[in-house]
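Enquirer: quick one: sequence plus predicted model below, questions after.
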Amino acid sequence: MVIFGAIVNKDGKFKIVKQKDEIDNFLKRLPEGERKNYQVIKLKYFWNGNLEELEEFVLQNIDKLLSYPFIKSKFKFNNLKREVTFLRKYYKLVLGALKTGEIKTKTSGLEIPEKKREEIREKILLLLYNLIQEAIRQKSKEIPKLGNVERLPANSIFLNLQNLNKEVIKGGKTKLLFKIPELNTMEKAILQSLYYSLFFFISEEKNKVNENTYMFRLTDLMEAIGIPKREWGKEKKSMGYSREQKNEVLNLIKLINIKPPEAEVKKLSEEGREEIRKLLGIETKEGDIFAFTPVLIGYDALYDNNRNVKDANIIVSLRPGFNPSYIKTFKTNVFKSKLDDPHYRLLAIYLANGKRNGKITIKVRELYKISEIDTDMRHPSRSKDKIIKLLERAKDEGIIKGYKTEEAKTFSELLEKNITIFFEEDKKK
């Protein structure tokens, strides 16, 4: 259905029209003093899908309508939860009556024909959808742009996030294993980067909305963690994020809300126990398994007319008990490079954390495990070249100073040898 827009008066009553001329004629007929009580809304967003999906979206996002005075004044309880509940109930009744035929004309009491009811329902849903999308767009414009991720969280529980579906950090007095539904290497690299960047921004109070809420634009967050932009458009001259890239990040956000990582406490020092208590507000002991839910991450998506995500407002809410004032951080340049190789990002995070020990000595086999690179015994030179390429990149980007491997005659022998990784000392201020 092609319609131009709607005219809404201050009481929230509206008339939806197909042509701009209809609005002009309507306003001309109004007395001069009455025109200021009407608002013209041009419909810019259209829904490429069935009405049931559109109705579900509208009802899920009904709270956005309260940003409009002509709606808020109609449902005013001075209590947000009650206003949202009432608003959802009101529109459920209206839309439900249009579907079932229980709605009648005021003048005659006759039922509105089914075809007409469906047309009215579609118009109402499109108007509400446009109001919701415009509210999300306006909120997005208010969100400050993010800077760089300059530091990594240093608390042991955050360092142990590298133990995601596999044991990476073996030393230390506190060890946790995090379990989550199976992810590929890129998804793990993005998820770890998201967690570390969000905890950094929270510790810095970046984009803080209120005591318990932070808000970020999806594309800003993707840029902050280094996801590379792609060329797009007919002439491939513009740079931006594809719908696949944006959906990949949003799907990870959905996943950790539906099924957050579970942390199994393998080893726990008294210091680690106290740290977890202060940070998360929970008591733990060795052998415990707890859901890692310091924050709840939601989003409001802004769609194009093909229902592809243009951008989204990422809403991060602190869970009760989580106290970000106890987040400790250390300086790093991990996020200065692009997340163009997930194997490198996983290794870079590990190396950045190891810098605080002055040097790292581990088995070469462990580097492959950390980076999630397969050890190809049929083509050992390829496997060896891959890990050397990652280490040289880390060296070029200033994450490490250098490395030294024990001599070995074969690749199988090399895997069991130690590699020592050296770091530059931080300059004293």
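Expert: Looks like it came in fine. Numbers count the residues shown, from 1 in each chain.
Enquirer: how many neighbouring residues does the residue lying closest to residue 355 once chain neighbours are set aside have?
Expert: When the adjacent residues along the chain are set aside, residue 355 lies closest to residue 423, with 4.4 Å between them (CB to CB, 6 or more residues apart in numbering). The C-beta positions use only the backbone N, C-alpha and C, and glycine is treated the same way. Residues lying near residue 423 (other CB atoms under 10 Å) number 19.
Enquirer: in this structure residue 423 contacts residue 358, no?
Expert: Yes: Residue 423 is within contact range of residue 358, at 6.7 Å (criterion: CB atoms under 8 Å).
Enquirer: quick one: contacts for residue 37?
Expert: 9-10 (CB atoms under 8 Å, 6 or more residues apart in numbering).
Enquirer: for residue 105, give me the pLDDT.
Expert: Note on residue 105: pLDDT of 52.
Enquirer: same check, this time on residue 171
Expert: Residue 171 is assigned a predicted lDDT (pLDDT) of 77.
Enquirer: what about it, which SS state?
Expert: coil (DSSP: H, G, I helix; E, B strand; the rest coil).
Enquirer: just the buried positions in stretch 353-366, please.
Expert: 353-355, 360, 362, 364, 366 (16 or more other CB atoms under 10 Å).
Enquirer: helices - which of the residues you listed land there?
Expert: 353-354, 364, 366 (DSSP state H).
Enquirer: and of these, the nearest to residue 255?
Expert: residue 353 (24.1 Å; CB to CB).
Enquirer: nearest residue to that closest one other than its sequence neighbours?
Expert: residue 159 (5.4 Å).
Enquirer: I'd say the one you found and residue 170 touch.
Expert: No: at 12.0 Å, residue 159 and residue 170 do not qualify as touching, with contact defined as CB under 8 Å.
Enquirer: overlap in contacts of the two?
Expert: Joint contacts of residue 159 and residue 170 (CB under 8 Å, 6+ apart) do not exist.
Enquirer: between those two, which has more neighbouring residues?
Expert: residue 159 (23 against 11).
Enquirer: torsion angles phi and psi at the more buried one?
Expert: phi -60, psi -40 (degrees, to the nearest 10).
Enquirer: dump the ones in helices among the buried residues of stretch 353-366 into a markdown table; add pLDDT and distance to residue 25 as well.
Expert: Putting these into a markdown table (pLDDT from 0 to 100; distance: CB to CB, whole Å) gives the following:
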| residue | pLDDT | distance to residue 25 |
| --- | --- | --- |
| 353 | 86 | 68 |
| 354 | 82 | 73 |
| 364 | 96 | 79 |
| 366 | 95 | 76 |
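Enquirer: wait, which of those residues is closest to residue 122?
Expert: Nearest to residue 122, judged by CB to CB, of those is residue 353 at 54.4 Å.
Enquirer: how near is the closest one to residue 67?
Expert: 43 Å (CB to CB, to the nearest Å).
Enquirer: equivalent analysis for residue 415, please.
Expert: 59 Å.
Enquirer: so those two - more neighbours on which side?
Expert: A count of neighbours by other CB under 10 Å puts residue 415 above the other of residue 415 and residue 67, at 19 against 15.
Enquirer: isn't that one up against residue 366?
Expert: No: using CB under 8 Å, residue 415 is not in contact with residue 366, being 9.3 Å away.
Enquirer: sketch out the low-pLDDT regions of the protein for me.
Expert: Applying pLDDT under 70 to the chain flags the ranges 1-3, 12, 103-111, 232-237, 426-429.
Enquirer: please parse it into its domains.
Expert: Domain assignment for the chain by automatic domain parsing gives 5-142, 151-335, 358-429.
Enquirer: list the buried residues for stretch 268-276?
Expert: 268, 272-273, 275-276.
Enquirer: in helices, which of those residues fall?
Expert: Members of these lying in helices (criterion: DSSP H): 272-273, 275-276.
Enquirer: nearest to residue 254 among those residues?
Expert: For those, the closest approach to residue 254 (CB to CB) belongs to residue 276, at 26.2 Å.
Enquirer: show the contacting residues for residue 327.
Expert: 153, 155, 158, 199, 202-203, 279.
Enquirer: tell me, how many residues neighbour the residue nearest to it when sequence neighbours are not counted?
Expert: Spatial nearest neighbour of residue 327, chain neighbours left out: residue 203 (4.1 Å); criterion: CB to CB, 6+ apart. Residue 203 has 16 neighbours, counted by other CB under 10 Å.
Enquirer: can you verify my assumption that residue 203 contacts residue 323?
Expert: No: counting by CB under 8 Å, residue 203 stays clear of residue 323, with 11.0 Å between them.
Enquirer: before we move on, back to that, farthest-separated two in the buried residues of stretch 268-276?
Expert: So, the buried residues of stretch 268-276 by CB to CB: farthest apart are 268 and 275, at 9.9 Å.
Enquirer: overlap of the contact sets of these two?
Expert: In contact with both residue 268 and residue 275: residue 174, using CB under 8 Å, 6+ apart.
Enquirer: as a markdown table, the ones in helices among the buried residues of stretch 353-366 with distance to residue 144 would be great.
Expert: Listed next are these as a markdown table, based on distance: CB to CB, whole Å:
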| residue | distance to residue 144 |
| --- | --- |
| 353 | 29 |
| 354 | 33 |
| 364 | 44 |
| 366 | 41 |
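Enquirer: for residue 254, state which of the residues you listed is nearest.
Expert: For these, the nearest to residue 254 is residue 353 (27.7 Å; CB to CB).
Enquirer: and the closest one, how far is that from residue 100?
Expert: Distance from residue 353 to residue 100, by CB to CB: 60 Å.
Enquirer: do the same with residue 342
Expert: From residue 342 to residue 100 the distance is 51 Å (CB to CB).
Enquirer: so the two - more neighbours on which side?
Expert: Legend: neighbour count by other CB under 10 Å for residue 342 and residue 100, higher for residue 342 (19 against 9).
Enquirer: in this structure that one contacts residue 186, no?
Expert: Yes: counting by CB under 8 Å, residue 342 does reach residue 186; the two are 4.3 Å apart.
Enquirer: elements contacting the lengthiest helix in the chain?
Expert: What stands out as the longest helix in the chain, according to DSSP H, is helix 114-142. Applying 3 or more CB pairs under 8 Å, 6 or more residues apart in numbering; DSSP states H and E, we find helix 114-142 packed against strand 14-17, strand 38-42, helix 51-60, helix 80-100, strand 295-303, strand 309-318.
Enquirer: thank you, goodbye.
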